[in-house]
Structure formats: structure tokens, C-alpha cells
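*Asks:* can you look at this prediction? I've put the sequence above it.
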Amino acid sequence: MALRGDRNYTDGTDISFFCNEVAEKGEVLVFSAVGSGAAMDDPTAVVTSPSADPSGEQVAGVLLNDVVSLDLTRQHINWHKDEVQLGGKVTLLRRGVIVTNMVESGNDPSNGDAAYFMAGGISATDVTTKGRVTTTQVSDLGTAAVHANSDIKAPEYRVGTFLSKKDSDGYAKVQVNLL
């Protein structure tokens, strides 16, 4: 579980994108392809997990559904868990408050720290994990060597602000503001 029930988002969600990979709610997703116009039913409007090198990738939002790959001839989607079949429409949080455990391990945010999205390969402790948030700023190049340089600012990778530190279960409150 990546999100707790403590959430506040009344007008900050977007339902116009599809997701073609398995993903867990609470992950930060980036734009893969963008549709034209409103793109509400445009299958070319796709979001994905950030790559190991986030250079040029733009944050789409925080995933609010679990994207699963099920054999629908044998079982059905569990609507109570807010699951979406692979390739289906997902709900992205663009503005609101969530409590998530999708925080970089070894990273101890405190109240008021900026929250940035982290791609795989950025953190030495979580090399394979994608879509987590961290207090460390991501550089335009997205490499670990440049990432360690705190002089490089990359506000386009900012997701929001931490409103708490992590609790004993690893959950922290994050105010997401992508609008």
C-alpha cells in the first residue's frame, strides 16, 4: 500500500491519461505521449514511470489507482482496491494532500522541505525504485554524479512540499502542487 486514506483533493485530479505498465498508487508518473485537444478518450495520451535518466521528462502527477495486469477471463478487477486494468484510464493527482510511503528510503524529510520526484538510479539505496519522492533536487541531466551537486536547481522536477516527517511505518504527508 502506498497511499493512506488521509487525503484531500477535491478539484486537483486528472482522468485524461492511460497507463500501459503495471504501477502502484502513490507513484509519481511522467508524460510518455500527449494527445491533442481535451484528449479524454485519446489513446495516445499516456503516462509512464520515470526512466533512470529523467532529463526532459515532465511530471504528470501522482497515481491514485493501482494498475494491474489480470487475466479478465479468470477474475475481475477489484473495484474496492481501486484497481485499473493495464492500458486503462488512470486518475492522477495534480493538486492536493496525500499520506504516502513512496518516499526515498534513507531520506528523512521534515515539515516544509521541498518534494521532488526521483527516478530509478538516482538513489544509491533504492536503485531500482522509480516514482518515489525525495528532498534531494534532481538535476537536468538526471545522473547520480550531478544529482549530488546541490548547486544545480531543477524546479520542474518539484512535486510539492512535505508537510510532515516519516512516521514509524515510513509514511509522510505531502502537499502535491503541479498546477
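*Replies:* Okay, I see it.

*Asks:* right, and the helix or strand after the worst-scoring helix or strand of the chain on mean pLDDT?
*Replies:* Each helix and strand of the chain was given a mean pLDDT (mean pLDDT, DSSP states H and E); the minimum falls on helix 144-147 at a mean of 36. From helix 144-147 onward toward the C-terminus, using DSSP states H and E, the following helix or strand is strand 158-162.

*Asks:* and the contacts of that next one?
*Replies:* Contact with strand 158-162 is made by 28, 59, 62, 109-117, 133, 135, 172-178, as judged by CB atoms under 8 Å, 6 or more residues apart in numbering. Glycine gets a C-beta too; all of them are placed from N, C-alpha and C.

*Asks:* and it, what's its mean pLDDT?
*Replies:* For strand 158-162, mean pLDDT rounds to 85.

*Asks:* before we move on, what about stretch 85-97?
*Replies:* The average pLDDT within stretch 85-97 is 92.

*Asks:* now the terminal residues of it, how far apart.
*Replies:* The first residue of stretch 85-97 is 25 Å away from its last residue (CA to CA, to the nearest Å).

*Asks:* tell me the buried residues in that stretch?
*Replies:* By neighbour count, and taking 16 or more other CB atoms under 10 Å as the criterion, the buried residues in stretch 85-97 are Lys89, Val90, Thr91, Leu92, Leu93, Arg94, Arg95, Gly96, Val97.

*Asks:* residue ranges of the strands in the protein, please?
*Replies:* Residue ranges of the strands in the chain, as given by DSSP state E, are 13-19, 28-33, 46-48, 59-63, 66-68, 83-85, 89-93, 95-100, 114-118, 132-134, 158-162, 172-177.

*Asks:* mind giving me the packing neighbours of the fifth one?
*Replies:* The criterion is 3 or more CB pairs under 8 Å, 6 or more residues apart in numbering; DSSP states H and E, and the helices and strands that strand 66-68 contacts are strand 83-85.

*Asks:* what strands line up against the strand it packs on, and which way round?
*Replies:* Taking DSSP bridges as the criterion, strand 83-85 sits next to strand 66-68 (parallel) in its sheet.

*Asks:* from the buried residues of stretch 85-97, which is closest to Ser69?
*Replies:* Relative to Ser69, the closest of the buried residues of stretch 85-97 is Val90; by CB to CB it sits at 13.8 Å.

*Asks:* centroid-nearest residue for the chain?
*Replies:* When CA atoms, centre = their mean is applied to the chain, the residue found nearest the centroid is Val28 (0.8 Å).
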